[in-house]
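A.B. asks: Any chance you could fold what I've pasted below:
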Amino acid sequence: MDGRRESLVSSCGAVLLRQTARRAGLERGLSAQLAPWRPERAVHDPGKVLLDVATAVALGGDCLADVAAVRAQPDLFGAVASDPTVSRLIAALAVDVDAAVAAIRAARAQARAAVWGLRRPLAGTPGSRDGGLVIVDLDATLVTAHSDKELAAATFKRGYGFHPMCAFVDHGEDGTGETLAVILRTGSASAFAPGDHIAALDAALAQLPARERGQVLVRTDTGGASKKFLRHITDLGLEYSIGFAAHDTVKAAIDTIPTQAWRAAIDSDGNPRDSAQVAELTAWIPATTRAGGPDDWPPGMRIIARRERPHPGAQLRLTDHDGWRVTCFATNTTGWRLADLEVRHRQRARAEDRIRALKDTGLRNLPLHGFAQNQIWLEIITLAADLLTWTQTLAWHNQPARRWEPKRLRYRLLAVAARVIHTGRSRRLRLPNNWPWNNLIDTGWAALQPD
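C.D. replies: Below is the predicted model of the structure:
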């Protein structure tokens, strides 16, 4: 190794993230929303500080100290606050964490509306339920705590840590997905808590542009199958597709329905799926159609079952029926084929991909001790996730990079080193000659320029 040093910058692909932040007005929005937390004579703006930390997390950092990688490149990112300044800001925000979280989320919502105004990340027509649905997926995940942090607790999987609830927008087959909200919960929090599902959904809806909020489909696993949550969705005038437990009444309905009620299931390409069938059970479960007080299921709820022969070696379940693996979901959508409704619900599995991407973007470990401080850390994570997704949306529409997960995006496009060239009064980044993905960086940069 040669001990001499070159005038190089690493992670120069992050200029794409910062250009996205400018197009979205994110730094201005954060600066305005966090103005109450800026002390007199402060050198560093709180909005810029949070954006710098979020940039470090988007590049693969997993703690506040990783902002040093951003600080070391002032030609790219300008003046970056010191570690003590960053820590003091996080501590100040944690003192009034509810107000701080609301301020950060307000800035994110404004920026999201700007990005969606430039390029809507979903197929279909805005304001239309026919192809314009905004699918919001809710799911909880476990985050292990490797030390005794505030409100960390034993989890239902016999681990120790936290159990945050997440909300995402599914961009469909042509994109990744968008993180709307991540709500921190203690490790002992229930996956079935209706209040937490309601809070996560309300936070997610507040993140959507106003004209998109009336065309939302809410999707969850069986953790969301509570009467309180489904009635909340119904009262908002939204649609839902919620996993439904195969309890005794469902088993009785499956025993009762005629054989001809089962229809062939299809895969995501619309082709018949071998040894898989779907049927509607609503008429054979009278209690599900009853609508009255708050303790009843909401009106218009349908129960749809899917049965499939378990693959060889699969572990049998108590809910298996005559050798069939049976799963159910509830929905209030009308006018669709049963097979199409079942495929749409099964695509909820994309939320697992979003969670994996979040864990590659700072969620694998909560680095701070205080619960309120870790709430701020989650907001930084969502900022980082937004920067990545918005950049993909604006820079690489209809290109394979639009679907890349963070690891691949970093390795190919963000982590490239370059030389800063000063010519006259301008600065330019000179990329390596033979970098395989130079064309994507060039086209992405061109796409992010103002019209």
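
A.B. asks: P367 touches W377, doesn't it?
C.D. replies: Yes: using CB atoms under 8 Å, P367 makes contact with W377 at a distance of 6.6 Å. All C-beta spots, glycine's among them, are computed from the backbone N, C-alpha and C.

A.B. asks: So for the two, which residue has more residues nearby?
C.D. replies: Taking other CB atoms under 10 Å, P367 and W377 do not tie; W377 has more neighbours (25 against 17).

A.B. asks: How about the secondary structure of the more buried one?
C.D. replies: helix (DSSP: H, G, I helix; E, B strand; the rest coil).

A.B. asks: how about the helices in the stretch 151-300 of the chain?
C.D. replies: Here the stretch 151-300 of the chain has its helices, by DSSP state H, counting those that start in this stretch, at 194-207, 227-235, 248-256.

A.B. asks: Let me know the average pLDDT across the first one.
C.D. replies: Okay, so that is helix 194-207. Taken as a whole, helix 194-207 carries a mean pLDDT of 97.

A.B. asks: That helix: how far from the chain's middle?
C.D. replies: 13 Å (CA atoms, centre = their mean, to the nearest Å).

A.B. asks: Adjust the sequence numbering to begin at 22 for everything that follows.
C.D. replies: Happy to do that; since the first residue is 22 now, the last one works out to helix 215-228.

A.B. asks: What residues sit buried inside that helix?
C.D. replies: Buried residues in helix 215-228, defined by neighbour count with 16 or more other CB atoms under 10 Å: P215, D217, H218, I219, A220, A221, L222, A224, A225, L226, A227, Q228.

A.B. asks: Verify the contact between G235 and L229 for me.
C.D. replies: No: counting by CB under 8 Å, L229 is not a contact partner of G235; they are 9.7 Å apart.

A.B. asks: For those two, indicate the residue with more neighbours.
C.D. replies: Shown here are G235 and L229; by other CB under 10 Å, L229 has more neighbours (21 against 14).

A.B. asks: quick check: angle from the longest strand seen in the chain to helix 269-277?
C.D. replies: The longest strand of the chain (DSSP state E) is strand 293-301. Per axes from the mean of the first three to the mean of the last three CA atoms, to 10 degrees, the angle that strand 293-301 makes with helix 269-277 is 110 degrees.

A.B. asks: How about residues contacting strand 293-301?
C.D. replies: With contact meaning CB atoms under 8 Å, 6 or more residues apart in numbering, strand 293-301 is reached by 278, 282-288, 323-330, 359-360, 362-363.

A.B. asks: try it again with 10 Å
C.D. replies: Strand 293-301 is contacted from outside by 274-275, 278-288, 323-332, 345-346, 352, 358-364, 367, using CB atoms under 10 Å, 6 or more residues apart in numbering.

A.B. asks: are any of the residues you listed buried, and which?
C.D. replies: 274-275, 278, 282-283, 286-287, 323-329, 345-346, 352, 359-360, 362-364, 367.

A.B. asks: Among those residues, which lie within strands?
C.D. replies: Using DSSP E, those in strands are A286, I287, R323, I324, I325, A326, R327, R328, E329, R346, T352.

A.B. asks: pLDDT and distance to D73 for the residues you listed - can I get that in JSON lines?
C.D. replies: Listed next are those as JSON lines, based on pLDDT from 0 to 100; distance: CB to CB, whole Å:
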{"residue": "A286", "pLDDT": "89", "distance to D73": "49"}
{"residue": "I287", "pLDDT": "88", "distance to D73": "47"}
{"residue": "R323", "pLDDT": "93", "distance to D73": "49"}
{"residue": "I324", "pLDDT": "93", "distance to D73": "50"}
{"residue": "I325", "pLDDT": "94", "distance to D73": "48"}
{"residue": "A326", "pLDDT": "91", "distance to D73": "51"}
{"residue": "R327", "pLDDT": "90", "distance to D73": "47"}
{"residue": "R328", "pLDDT": "86", "distance to D73": "52"}
{"residue": "E329", "pLDDT": "84", "distance to D73": "49"}
{"residue": "R346", "pLDDT": "79", "distance to D73": "49"}
{"residue": "T352", "pLDDT": "96", "distance to D73": "43"}
